[in-house]
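Novice: Give me a 3D structure for the following:
(one chain, ligands or ions: 1)
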Amino acid sequence: MKVEDVFKNNEKWISNKLSIDENYFTELAKGQAPEFLYIGCSDSRVSAEDLMGIQPGQAFVHRNVANLVNNVDLNVMTVLNYSVRHLKVKHVVVCGHYNCGGVKAAMQPDDMGILNPWLRNIRDVYRTHKDELNGIEDEAKRYDRLVELNVQEQCVNLLKTAAIQQAITERGLTVHGWVFDIRTGKLIDLNIDFDAILKDIKEIYNLY
Ligand code: CO
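Specialist: This is a model prediction of the structure:
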């Protein structure tokens, strides 16, 4: 694809939007009130808006390698605090995906240079769930399960933050752990029991 094509596409997109609603961009410029915060992987194949069928304005989006929620990552913490405390999103989603290169890399015991501290977060997920993962003989199934457990642990990381705890208590915000199955296009809700997790972690991480 040529760079010039991107700008041609943009012109077509503008015409298309205006043909449906001539005030589309005037309205878009007025402000945002998204109901979702979506935290997903940077993978080029996992496009948040496309897979959710949503339009500009409906989701605040943060993407990084392997959809991590690390509490010393100023970037994700800024996105989280701004969208939860100021935009008051109703749902916070961590969406992983099968065939995730970041998760795959974390399964290899190699020195990956600057990637090491980032992948460490996923290796820590593996260590936390070592017994379950090592019990899965099929490597492909173990890889899929690590993708799911990584989503779960990133949701736990969300629940450890004061912003999320406050929003759950005060206005019923909900956290969701999803996996996008890149092989079929299907979005899967992991149906994680967050009430139980929150009760459990609040023994130590009660910030609100
Ligand atoms: Co990925």
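Novice: other SSEs contacting the helix or strand where Val93 lies?
Specialist: Applying DSSP states H and E as the criterion places Val93 in strand 91-97. When contacts are defined as 3 or more CB pairs under 8 Å, 6 or more residues apart in numbering; DSSP states H and E, strand 91-97 sits against strand 36-41, helix 139-159, strand 174-181. Glycine gets a C-beta too; all of them are placed from N, C-alpha and C.
Novice: what's the nearest residue to Val92 if we skip its chain neighbours?
Specialist: Leu37 (4.6 Å; CB to CB, 6 or more residues apart in numbering).
Novice: out of the helices and strands packed on strand 91-97, which comes closest to the ion?
Specialist: strand 36-41 (3.3 Å; CB to the ion).
Novice: strands paired with the closest one, and their directions?
Specialist: strand 59-64 (parallel), strand 91-97 (parallel) (DSSP bridges).
Novice: What segments of this structure are helices?
Specialist: Here the chain has its helices, by DSSP state H, at 3-20, 24-30, 48-52, 74-81, 101-106, 116-128, 130-134, 139-159, 162-171, 194-205.
Novice: among those, which is nearest the ion?
Specialist: Nearest to the ion, of the helices of the chain and by CB to the ion, is helix 101-106 at 4.9 Å.
Novice: Mind giving me the packing neighbours of that closest one?
Specialist: Applying 3+ CB pairs under 8 Å, 6+ apart, one finds that helix 101-106 contacts helix 116-128, helix 139-159.
Novice: That helix: which residues count as buried?
Specialist: 102-103, 105-106 (16 or more other CB atoms under 10 Å).
Novice: Let me have these in a markdown table, adding distance to the ion as columns.
Specialist: Converted to a markdown table, those look like this (distance: CB to the ion, whole Å):
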| residue | distance to the ion |
| --- | --- |
| Gly102 | 5 |
| Val103 | 7 |
| Ala105 | 10 |
| Ala106 | 11 |
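Novice: ok, Tyr38 - how many residues close by?
Specialist: 26 (other CB atoms under 10 Å).
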